[in-house]
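Colleague: Sequence first, predicted model second:
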Amino acid sequence: MHVVVNAAMSADGKLASRRREQLAISGREDFDRVDQLRADSDAVMVGVGTVLADDPSLTVKDADRHSARLDRREPKNPARVVADSRIRTPPDATVLDDDAETYLLTSEAAPTDFIEQMEEAGAYVLAAGEDRVDLTTALAKLEGEGIERLMVEGGGELIFSLFEAGLVDELRVYIGAKVLGGRDAPTLADGDGFVESFPELALESVEQVDDGVLLTWTVEESDS
Ligand SMILES: NC(=O)C1=CN([C@@H]2O[C@H](COP(=O)(O)OP(=O)(O)OC[C@H]3O[C@@H](n4cnc5c(N)ncnc54)[C@H](OP(=O)(O)O)[C@@H]3O)[C@@H](O)[C@H]2O)C=CC1
Ligand SMILES: Nc1nc(O)c(N)c(N[C@@H]2O[C@H](COP(=O)(O)O)[C@@H](O)[C@H]2O)n1
């Protein structure tokens, strides 16, 4: 599986303000690039924190890109994946609508009645891990479902865990022309943070997009 993390951050490294509400950091050109990246993916993944904050659809917006996917005998939209250990995704969340398939990655701590509720809403529930989603096992299960190209959109907690587990192949960061501040505002990689051994990146390209910059990095193999 090839895992691409794509996110937009402010010039000071924040994914959103301290209110944790959805905020447009990208401009028109960058949102269009993201739409193409979604269209080129088998699935688009977020953590449940992003579902609760943004209620995203995670679908492809451009009709020509839908047609191109259908021509390739792919579903109109990539699948959606939510890391949600105990099922906090609301039953009326947009990610559960009929526009795309949705996988909910849960742990053994997820209540049975919540699992049933999600399955009734049409989601595929995949359990991995005891208390929290074990991302290595979960991504292997997704690969077993035919997902080879996984795009991760955030948020910072999920992105940190994916780096910690050594599961990220590529990082694409759009840096927008805004300063958000806020010690409690989400950043690109939150979690506990690294203190000794840090993921190393190799810079592949730097490109001006809208009034910001798109950085593309590949992740170096770790020695450990
Ligand atoms: N600018 C941008 O590009 C983007 C911005 N955002 C912003 O980011 C914020 C949300 O980010 P954040 O709060 O970090 O939420 P995340 O989307 O990263 O979700 C975090 C939650 O995912 C669940 N989870 C399950 N398994 C794991 C695991 N192994 N590791 C980590 N998390 C796991 C946890 O909940 P549980 O334990 O209950 O399972 C955790 O609290 C919002 O403000 C949103 O607007 C989000 C995406 C993109
Ligand atoms: N690439 C990018 N730029 C921004 O400025 C953003 N705020 C985001 N947010 C992500 O996009 C999701 C919303 O998707 P839909 O429009 O609902 O399909 C949101 O949840 C974040 O993951 N991304």
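Modeller: On my side now, so go ahead. Bear in mind that the values here come from a model prediction, so they are computed numbers and not experimental data. Ligands and ions are numbered 1, 2, ... in the order given.

Colleague: how close does residue 93 get to residue 78?
Modeller: 17 Å (Cβ to Cβ, to the nearest Å). Every residue, glycine included, has its C-beta placed from N, CA and C.

Colleague: Then residue 200?
Modeller: Residue 200 is 29 Å from residue 78, by Cβ to Cβ.

Colleague: Look at the two and report which has more neighbours.
Modeller: A count of neighbours by other Cβ atoms under 10 Å puts residue 78 above the other of residue 200 and residue 78, at 26 against 12.

Colleague: Quick one: residues contacting the more buried one.
Modeller: 38, 39, 41, 42, 43, 44, 58, 60, 100, 151 (Cβ atoms under 8 Å, 6 or more residues apart in numbering).

Colleague: Look at the closest residue to the second one other than its chain neighbours and say how many residues are nearby.
Modeller: In space, and not counting its chain neighbours, residue 39 is closest to residue 65: 4.0 Å by Cβ to Cβ, 6 or more residues apart in numbering. Neighbourhood size, residue 65 [other Cβ under 10 Å]: 18.

Colleague: do residue 107 as well
Modeller: So residue 107, with other Cβ under 10 Å, has 19 neighbours.

Colleague: now do residue 203
Modeller: Applying other Cβ under 10 Å, we find 9 residues neighbouring residue 203.

Colleague: repeat for the one 3 residues further on
Modeller: The number of residues packed around residue 206, counting by other Cβ under 10 Å, is 9.

Colleague: Ligand 2 versus that one, what's the distance?
Modeller: 17 Å (Cβ to the nearest ligand atom, to the nearest Å).

Colleague: going forward can the numbers begin at 49, since that is how I track them
Modeller: From this message on, residue numbering opens at 49, which makes the last subject residue 254.

Colleague: Show me what that residue bridges to in the sheet.
Modeller: Residue 254 forms beta bridges with residue 263, as assigned by DSSP bridges.

Colleague: Sort out which one of the contacts of residue 126 lies nearest ligand 2 for me.
Modeller: Nearest to ligand 2, judged by Cβ to the nearest ligand atom, of those is residue 106 at 5.0 Å.

Colleague: Could you check stretch 87-98 against ligand 2 for contacts?
Modeller: Yes - contact of stretch 87-98 with ligand 2 is found when judged by Cβ under 6 Å from any ligand atom, involving 94, 98.

Colleague: List of residues touching that stretch?
Modeller: Contacts for stretch 87-98 (Cβ under 8 Å, 6+ apart): 52, 68, 86, 104, 106, 108, 110, 113, 116-117, 122, 126-133, 136-137, 151, 190, 194-203, 205-206, 234.

Colleague: Does residue 235 touch residue 55 like I think?
Modeller: No - applying Cβ atoms under 8 Å as the test, residue 235 and residue 55 come out as separate, 9.8 Å apart.

Colleague: who touches both of these two?
Modeller: residue 63.

Colleague: Can I get stretch 158-175 in CSV? Just the C-alpha atoms.
Modeller: Extracted in CSV, the C-alpha atoms of stretch 158-175 (Å, rounded to 0.1, in the frame of the first residue of the first chain):
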residue,chain,number,x,y,z
ALA,A,158,-16.2,-0.5,20.4
PRO,A,159,-19.7,-1.2,21.8
THR,A,160,-21.6,-3.9,19.9
ASP,A,161,-24.8,-1.8,19.5
PHE,A,162,-22.7,1.0,18.0
ILE,A,163,-21.1,-1.4,15.6
GLU,A,164,-24.6,-2.6,14.6
GLN,A,165,-25.8,0.9,14.1
MET,A,166,-22.9,1.7,11.8
GLU,A,167,-23.4,-1.4,9.8
GLU,A,168,-27.1,-0.6,9.4
ALA,A,169,-26.0,2.8,8.1
GLY,A,170,-24.0,0.9,5.4
ALA,A,171,-20.5,1.2,6.9
TYR,A,172,-18.0,-1.7,6.9
VAL,A,173,-16.6,-2.1,10.4
LEU,A,174,-13.0,-3.4,10.7
ALA,A,175,-11.7,-4.1,14.2
